[in-house]
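In: next one to model:
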Amino acid sequence: MPDQPTSYPGLPQSPPPSPLGHFPQPPPPAPLRVVVADDNPVVRAGLTALLSGRADIEVAAEASDGREAWEAAQRHRPDVVLLDVRMPGVDGISALPYLVQICPVVMLTYSRESEIVQEALRRGAGGYLVHGEFTADQLVAAVRDIKEGRAHFTPTAAGALLEQLRQAQPQQAARGGVDRLPDDLGNANAHAGGLPTASRVNAYAENLSQVQPDVGQSSSGWTGGRPAAVDRSRFQLSVREAEIMDLIASGMTNQQIAATCFISEKTVKNHINRIFAKLHSTSRSEAAAKWLGTAPSDTARGLR
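Out: Presented below is the predicted three-dimensional model:
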């Protein structure tokens, strides 16, 4: 019979050793750290509230222009920077080449011009998201994926990128049509500068999948090739009011809106008063944040 352990009354007894041994639990992964850069304080607050509500994401700092974003990135060494395009002082496009040397950067903006999208990509942006073309969950998925090197583009940016890729492909130079197809069409070495061969088509498709891998993939929430837009029907704006609200969100003044819509400034002010009443807002920045889906109240309603 094996020896029994000696017991001493009054002393705490140690539990017998586990036959499987003791394996300590691994520590939880460090949260993904983000810097949010936008000159609109309401938009910044909304993004911070949205992202901070996720257990695996931490907003390390906020910035109101490109210089502040660079200083914050130098100080905090984040995993991702969310960067607006148009900001006073140092704009996002100017700061972008310096920021990407520190960490991945995704443009998060209402600037949808194809030239700006293409310039942002040339300067190293890891993705381009246009306000109003994504949901809160899709934004969070994009932030997580950008950290891992997977690009994200909302439809407007994806369209600009696709156009850039198309322009880069060799074009058929024939004028007035082609009488007949070449006999050797489809051979691997045929028509290097003419109609695309199978190998060139495959290479083009591969390039497109590398720069635009997540558009249309349901695993990250971007379904059907077109992310779901922010639900604005609840605001019940008329077509004209929605048009003016888009212009307000883009940063236009009343005078610029009047010139764009071919109406008087007084008419613009009347529209804005009705818009503010419907959006329950008292300022342009607050209305823009609600319209873009980044207001803190939107986050509290469950957009997270």
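In: can you map out the strands along the stretch 151-300 of the chain?
Out: Applying DSSP state E, counting those that start in this stretch to the stretch 151-300 of the chain gives strands spanning 152-153.
In: where along it do the helices fall?
Out: Ranges of helices in the stretch 151-300 of the chain, per DSSP state H, counting those that start in this stretch, are 155-168, 198-211, 239-249, 254-261, 265-279, 284-292, 296-298.
In: which of the residues in the first one are buried?
Out: In other words, helix 155-168. 155, 156, 157, 158, 160, 161, 162, 164 (16 or more other C-beta atoms under 10 Å). Glycine gets a C-beta too; all of them are placed from N, C-alpha and C.
In: and the last one, how close does it get to residue 273?
Out: So that's residue 164. 41 Å (C-beta to C-beta, to the nearest Å).
In: now tabulate the helices of the stretch 151-300 of the chain in TSV and tack on mean pLDDT.
Out: TSV is the format used below for these (pLDDT from 0 to 100):
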stretch	mean pLDDT
helix 155-168	78
helix 198-211	42
helix 239-249	85
helix 254-261	81
helix 265-279	91
helix 284-292	84
helix 296-298	57
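In: residue 67: which of the ones you listed is closest?
Out: Closest approach to residue 67 among the helices of the stretch 151-300 of the chain (C-beta to C-beta): helix 284-292, 20.8 Å.
In: summarise which helices and strands the closest one is packed against.
Out: helix 41-52, helix 239-249, helix 265-279, helix 296-298 (3 or more C-beta pairs under 8 Å, 6 or more residues apart in numbering; DSSP states H and E).
In: next up, the contacts around residue 58.
Out: 31, 32, 33, 34, 52 (C-beta atoms under 8 Å, 6 or more residues apart in numbering).
In: what about it, distance to residue 51?
Out: Taking C-beta to C-beta, one finds residue 58 at 8 Å from residue 51.
In: who touches both of the two?
Out: residue 34.
In: dump the contacts of residue 58 to CSV, plus pLDDT.
Out: As requested, those are exported to CSV (pLDDT from 0 to 100):
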residue, pLDDT
31, 88
32, 92
33, 95
34, 96
52, 87
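In: list the buried residues of stretch 62-72.
Out: Under 16+ other C-beta under 10 Å, the buried positions of stretch 62-72 are 62, 63, 64, 65, 66, 67, 68, 69, 70, 72.
In: output the contacting helices and strands for the helix or strand containing residue 139.
Out: Element membership of residue 139, judged by DSSP states H and E, is helix 136-147. On a contact count with 3+ C-beta pairs under 8 Å, 6+ apart, helix 136-147 meets strand 32-37, helix 41-52, strand 57-63, strand 80-83, strand 105-109, strand 127-130, strand 152-153.
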